[in-house]
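[1] What shape does this take:
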Amino acid sequence: MPSPRKKPLSAKAAPLHALYENSVQESEGLLDFIAGVYRRSRGRQPHRFREDFCGTALLSATWVQRSRNHYAWGIDVDEAILEWSREHHLSCLGKAEDRISLLCGDVMTTRTPQVDIVGAFNFSFNVFKERETLLHYFSTVRETLNDGGILFLDEFGGPESHSKIIDKRHISGATMPDGTPLQSFTYIWDQCEYNPLSHEIRCHIH
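    Numbers count the residues shown, from 1 in each chain. Now for the predicted structure:
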């Protein structure tokens, strides 16, 4: 007998973490890209991945499902969000759960085994405001990388980054990690303040 279809969960009832993942993250496509760049530039397959500022660790959880040779380490300072990931992502991995480690700590000081790839996405490393601090982070990452390892970042910039902007997108077809469908909702990216002297901006997600 086919399992009954799950009733869609309203956006108001859905965890914010799930809404965020469905709005801004496309883990398979991103991992295809970084693995492809690594293969073309290094001539071999990457297997060990570290996700800095990992949040819900969606990338790490997706990475370890790619093969029995894939391992991941996720680092974040927020234990609560790591617990959410353990409950909603790691619990669905089966045997692959043994190949992922989520660590609560500072990316500057938390040590992991050496890896092929370090990813710091969603503009997370922009929390480092001084050049010296950013350089220290890059040096720490370099020590973590294997010979030929690559650090992947996504930068924030362009003319629109200097403006006050409200960008709305309608999200449909979203699901919880366990496959429970979510009702459609609107994702809003709100750049509400910009300082032309310091180039600092204040943004919100609604």
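
[2] what about the strands in this structure?
    Using DSSP state E, the strands assigned to the chain run over residues 48-52, 71-76, 100-104, 115-120, 145-153, 165-171, 185-194, 201-205.

[3] and the longest one, what's its mean pLDDT?
    Per-residue pLDDT over strand 185-194 has a mean of 94.

[4] by contact count, what packs against that strand?
    helix 16-24, strand 165-171, strand 201-205 (3 or more Cβ pairs under 8 Å, 6 or more residues apart in numbering; DSSP states H and E). Glycine gets a C-beta too; all of them are placed from N, C-alpha and C.

[5] Minimum distance to residue 62: which of the strands of the chain has it?
    Proximity to residue 62, assessed across the strands of the chain by Cβ to Cβ, is greatest for strand 71-76 (8.8 Å).

[6] got the angle for the closest one vs strand 115-120?
    Here the directions of strand 71-76 and strand 115-120 differ by 30 degrees (axes from the mean of the first three to the mean of the last three Cα atoms, to 10 degrees).

[7] what sits up against strand 71-76?
    The set of residues external to strand 71-76 that reach it, using Cβ atoms under 8 Å, 6 or more residues apart in numbering, is 47-55, 57, 59-61, 63-64, 82, 85, 99-107, 110, 112-113, 115.

[8] Swap in 6 Å and give it another go.
    48-52, 54-55, 57, 60, 63-64, 82, 99-103, 107, 110, 112 (Cβ atoms under 6 Å, 6 or more residues apart in numbering).

[9] ditto for stretch 182-194
    Residues from elsewhere that reach stretch 182-194, judged by Cβ under 6 Å, 6+ apart: 8-11, 14, 23, 162, 164-172, 174, 201-204, 206.

[10] Buried ones among these?
    Of all the contacts of stretch 182-194 considered here, the ones buried according to neighbour count by 16 or more other Cβ atoms under 10 Å are 9, 11, 14, 23, 171, 174, 201.
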